[in-house]
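Engineer: Pasted the sequence and its predicted model underneath.
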Amino acid sequence: MNLTQKERNVLREAAKVYMEYANLPIQKEKIELWKSLNRSQMKRPMVVIEQIPWNEMNINNELDLFVQDPLFRKIEDKLKREIYKFKHYPVDMVIDPFIRIPMAISNTGYGVVAKKETLHHAGNVNSQVFTNLFETMEDVEQIKDMVITHDKEETMRRLEFAKDLFDGIAPVMPEGNMFHLGVWDAISEFMGVENVYFDVIDEPEKLHLIMEKMTNSVLKGIEQTNELEIYDVNANVSHCSYIYTDELLPGSGQGKRAITKNGWAFGLAQLFSSMSPDTFEELEIPYIRRMAEHFGMIYYGCCDRLDDRLESVMTIPNLRKVSCSPWSDREAFAEKIGPKIIMSNKPTPALVATSKLDEEEIRKDLQRTVDAAKANNVNLEIILKDISTVNKEPERLTRWANIAMDVVNNY
């Protein structure tokens, strides 16, 4: 870590602005609203905008990066993105009053590296084709147990350097690791989605073997993470959703011992949207259940349709939030989810990508979701995400945010 004086100045100036926002009273007010939602006692629906097409946002050079060191360039990027969001479309985001420094953690993963070819690149979206690495049962033996290690000395070096760099401006806090339990996302890259679909019919026993080995790999990773006590229990977001809770994270930086039982994880199995609920229950549920039981709370789902298989999803241990994607029937979802589990709605990002922004259509879409939740006494959060484009008009997200906050504030 060797920063020039200019780079140090850039980081310190960004940290000053970041901390000005982080110390505003609104941050604690939003934390309390999130805690109410997360205990299933919602004051009003909560709103988030995430997974933004950053390549279209930097109209006024607010997001220009100057730091060359890879670690601190990521920190500069994170600071500037948080500042940008809070300035332009804060909705219900929360900025913690400290700067997170990644710990020196390494993970060998599943021992397999996807082989892919990019067919087309457009903005921040790639079209790719993947080679099937698991053509035979023997090929599945390539999957190995995760090996997770922590270089304590390097972590301390990073923290001490950051403490000196941000001295008098911001406290720093170590950032541990978190688990993505969406094993099928990895399998889709190791095999290609079409090949998975063929094997569901032709060789389901192979897919069970793959899931068994990959689940065991994750469980080994969980075990090592807990032995090292490096889980990120102070993260305030899991899968784009804010996760302040009375039990686990009552306030900024107030996480407990750094083990998985004190934190969140998220799971998903998106490719099953094109398969039956019975197939989903056979090939996903037994495995996600084994992984989920090791965490304090679970967020489940992403772009997958889940309204037709909620009964299976609700058997996942420690479940707290479930995704209601644009492909779910939101009324059916709200009728089934009940008052305890949070309905995490994903409005379609297509409405901010059209040739001309239709604000009435956006309002109608959001109101329909809020009405479905209210009619069924459902705790609701609304997360606009997976935004591939805003048609090169960044202000569209501000306009969407204003409409969304008007809708939820009139709940």
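Structural biologist: Alright, I've got the coordinates.

Engineer: Am I right that Leu63 is in contact with Pro53?
Structural biologist: No: counting by Cβ atoms under 8 Å, Leu63 stays clear of Pro53, with 11.9 Å between them. To be clear about C-beta, it is placed using only N, CA and C from the backbone, and glycine gets the same treatment.

Engineer: Neighbour count for the two, which is higher?
Structural biologist: Pro53 (21 against 16; other Cβ atoms under 10 Å).

Engineer: Could you check how far that one is from Pro277?
Structural biologist: Here the criterion is Cβ to Cβ, to the nearest Å. By it, Pro53 lies 33 Å from Pro277.

Engineer: same deal with Asp69?
Structural biologist: 49 Å.

Engineer: How about Val390: what's its closest non-neighbour residue?
Structural biologist: Arg396 (4.4 Å; Cβ to Cβ, 6 or more residues apart in numbering).

Engineer: again, but for Lys213
Structural biologist: Closest to Lys213 by Cβ to Cβ, 6+ apart is Ile143, at 4.2 Å.

Engineer: ok, now which ones touch the one you found?
Structural biologist: Tyr110, Gly111, Val112, Ile210, Lys213, Met214, Ser217 (Cβ atoms under 8 Å, 6 or more residues apart in numbering).

Engineer: neighbours of Ala104, just the number please.
Structural biologist: Neighbour number of Ala104 under other Cβ under 10 Å is 18.

Engineer: tell me the contacts of it?
Structural biologist: Per Cβ under 8 Å, 6+ apart, neighbours of Ala104: His150, Asp151, Lys152, Glu154, Thr155, Arg158.

Engineer: Repeat the analysis, applying 10 Å as the threshold.
Structural biologist: 71, 149-158, 174, 230 (Cβ atoms under 10 Å, 6 or more residues apart in numbering).

Engineer: Would you mind writing the CA trace of the helix or strand bottoming out on mean pLDDT in the chain as PDB?
Structural biologist: Least confident helix or strand, the chain: strand 116-122 with a mean of 84, by mean pLDDT, DSSP states H and E. Only the C-alpha atoms of strand 116-122 are listed here, as PDB (Å, rounded to 0.1, in the frame of the first residue of the first chain):
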ATOM      1  CA  LYS A 116     -16.800 -19.200 -20.800                       C
ATOM      2  CA  GLU A 117     -16.800 -17.100 -24.000                       C
ATOM      3  CA  THR A 118     -18.200 -13.700 -24.200                       C
ATOM      4  CA  LEU A 119     -20.500 -13.400 -27.300                       C
ATOM      5  CA  HIS A 120     -21.500  -9.800 -26.900                       C
ATOM      6  CA  HIS A 121     -20.800  -6.900 -24.500                       C
ATOM      7  CA  ALA A 122     -23.200  -4.000 -24.000                       C
END
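
Engineer: now that strand: how far from the chain's centre is it?
Structural biologist: Remark: strand 116-122 is offset 24 Å from the chain centroid, using Cα atoms, centre = their mean, to the nearest Å.

Engineer: And for stretch 240-249?
Structural biologist: 13 Å.

Engineer: Give the closest residue to Met103 in space, chain neighbours not counted.
Structural biologist: Thr155 (4.5 Å).

Engineer: hmm, who's touching the strand or helix carrying that neighbour?
Structural biologist: Assigned by DSSP states H and E, Thr155 belongs to helix 152-165. Under the criterion Cβ under 10 Å, 6+ apart, residues 1, 3, 7-8, 11-12, 15, 69, 71-72, 75, 99-105, 151, 170-176, 228, 230 lie in contact with helix 152-165.

Engineer: Surely Leu11 is in a strand?
Structural biologist: No: the assignment for Leu11 (DSSP: H, G, I helix; E, B strand; the rest coil) gives helix, which keeps it out of a strand.

Engineer: And the average pLDDT for stretch 232-248 is what?
Structural biologist: Average pLDDT, stretch 232-248: 98.

Engineer: show me the residues around the residue nearest the centre of the chain that make contact.
Structural biologist: Nearest residue to the geometric centre of the chain (Cα atoms, centre = their mean): His239, 1.9 Å. Residues counted as contacts of His239 (Cβ under 10 Å, 6+ apart) are 50-51, 178, 180, 182, 264-268, 298-302, 321, 323, 344, 383, 385.

Engineer: which among the residues you listed end up buried?
Structural biologist: 50-51, 178, 182, 264-268, 298-302, 321, 323, 344, 383, 385 (16 or more other Cβ atoms under 10 Å).

Engineer: all strands for the protein, in order.
Structural biologist: 46-49, 99-102, 105-107, 116-122, 125-130, 148-150, 172-175, 237-238, 241-242, 264-267, 297-300, 319-324, 342-345, 380-384 (DSSP state E).
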